[in-house]
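Undergrad: requesting a structural model of the entry that follows:
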Amino acid sequence: DYMQILFLGTSSMVPTKERNQSAVLVSYGSEGILVDCGEGTQRQLKIAGVKLTKITKILISHLHGDHVLGLPGMIQSMSSADYNDILNIYGPVGTKKFVENLFKTFLFDRKIEIQVRDIKSGRFSESDDLILEAQSLEHNVDTLGYSIIEKDKRKINLKFTKKLGIPDGPLLGKLQDGKNIVWKGKKINVDDATDIVKGKKATIISDTVPCKGADMLAKDSDLLISEATYASDLEDKSIEYGHMTSKQAAELANRTGSKKLVLTHFSARYKNTLKLEEDARDYFDDVLCAEDFMKINL
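TA: Numbers count the residues shown, from 1 in each chain. The predicted model follows:
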């Protein structure tokens, strides 16, 4: 399995003809993790050819409209799409109440099972393959950033096992699970027979000014997705509204040893993002400006 990141909305508060509001889908195996759900996200998924039933978790960064107004429509459509899973929604304190209020405000069938959890900083979900972590950011409302971390895996050193004649099957399975085995009366050490493959890490930094939480999350990310609402000549404006410039996002990537930076959440004032990208390149080499429907495989 590998992580695939699909950008569904890359504008900030106001959508444009080319850019929808905030949403990123991270797919890994059977998991579909949607980070934020701006208005129109369900239609973006349709255009991208992704079924709504693919979504297993929704992570909300904060409760500003451009990050959550797509939720009622999404839930309504999932209800009519024979969605059989439990939809897990996570977000900062107040998310649970917000979702309850949605059901009071809109009249629609609630056919799917939804579990909503208010979370704070730290690890909040773990499966066999993935760890999800959150940290508080600094915006003008409670805001969380998220890291999606693939667990390290053991890979069989086939050269070693073939040389010893160990057949495919349960013995190799045990080695892959990190256990020593006995083969033809001889103990085979798992560290000799396997190599550790480091898991990938994707981090999504939503609306924030530079802060400790962003640094903690972004550390050693293979992919850092960061808001960059303004170019650096508008730093005063970005501070006033609780946002980052593309320069500050690049400095964050540099500081945290991230491998690749993708900028997103652009102010509608920018007809193209060249200025933001050039700004960032002065401080970090591997930088891209996201576009709606852009895909990255990790």
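
Undergrad: name whatever forms a beta bridge with residue 296.
TA: For residue 296, the beta-bridge partners are residue 5 (DSSP bridges).

Undergrad: low-confidence ranges, the protein, go.
TA: Nowhere does the chain drop to pLDDT under 70.

Undergrad: for residue 205, give me its contacts.
TA: 137, 145, 214, 217-218, 224-227, 244, 249, 252 (Cβ atoms under 8 Å, 6 or more residues apart in numbering). Every C-beta, even on glycine, is put in place using the N, C-alpha and C of the backbone.

Undergrad: what do you get for residue 154?
TA: Taking Cβ under 8 Å, 6+ apart as the test, what residue 154 contacts is 175-178, 190, 194-197.

Undergrad: most neighbours, which of these?
TA: residue 175 (26 neighbours; other Cβ atoms under 10 Å).

Undergrad: do I have it right that that residue meets residue 189?
TA: No - the pair residue 175 / residue 189 is not scored as a contact, 9.5 Å apart, by Cβ atoms under 8 Å.

Undergrad: re the thing from before, so which of the contacts of residue 154 belong to helices?
TA: Of those, the ones assigned to helices by DSSP state H are 175-176, 190.

Undergrad: ok, so of the residues you listed, who is nearest residue 91?
TA: residue 176 (35.6 Å; Cβ to Cβ).

Undergrad: let's see which of the contacts of residue 205 end up in helices.
TA: Counting by DSSP H, those contribute 214, 217-218, 249, 252 to helices.

Undergrad: which of these lies closest to residue 106?
TA: Of the ones in helices among the contacts of residue 205, the one sitting nearest to residue 106 (Cβ to Cβ) turns out to be residue 217, at 32.8 Å.

Undergrad: now the closest one: how far from residue 206?
TA: For residue 217, the distance to residue 206 equals 10 Å [Cβ to Cβ, to the nearest Å].

Undergrad: just residue 223 next, same as before
TA: From residue 223 to residue 206 the distance is 15 Å (Cβ to Cβ).

Undergrad: so which of the two has more stuff around it?
TA: residue 206 (27 against 23).

Undergrad: so the nearest residue to the more buried one once chain neighbours are set aside, which of the three states?
TA: Closest residue in space to residue 206, ignoring its immediate chain neighbours: residue 61 at 3.4 Å, by Cβ to Cβ, 6 or more residues apart in numbering. When classified by DSSP: H, G, I helix; E, B strand; the rest coil, residue 61 comes out as coil.

Undergrad: can you give me the strands in the stretch 51-200 of the chain?
TA: Under the criterion DSSP state E, counting those that start in this stretch, the stretch 51-200 of the chain carries strands at the ranges 57-59, 86-91, 113-118, 122-126, 130-136, 144-150, 153-156, 181-183, 186-188, 194-197.

Undergrad: circling back to that earlier point, which one of the contacts of residue 205 is nearest residue 258?
TA: residue 224 (4.0 Å).

Undergrad: contacts only, for the nearest residue to that closest one once chain neighbours are set aside.
TA: In this structure, residue 224 finds its nearest non-sequential neighbour in residue 258, 4.0 Å apart by Cβ to Cβ, 6+ apart. Neighbouring residues of residue 258 by Cβ under 8 Å, 6+ apart: 203, 218, 220-224, 252.

Undergrad: which among these end up buried?
TA: 203, 218, 221-224, 252 (16 or more other Cβ atoms under 10 Å).

Undergrad: might one say that residue 111 is in contact with residue 76?
TA: No - assessed by Cβ under 8 Å, residue 111 is found out of contact with residue 76, at 9.4 Å.

Undergrad: and these two? which has more neighbours close in?
TA: Neighbour totals were compared for residue 111 and residue 76, and residue 76 leads with 18 against 13 (other Cβ under 10 Å).

Undergrad: ok, now how distant is residue 164 from residue 72?
TA: 59 Å.
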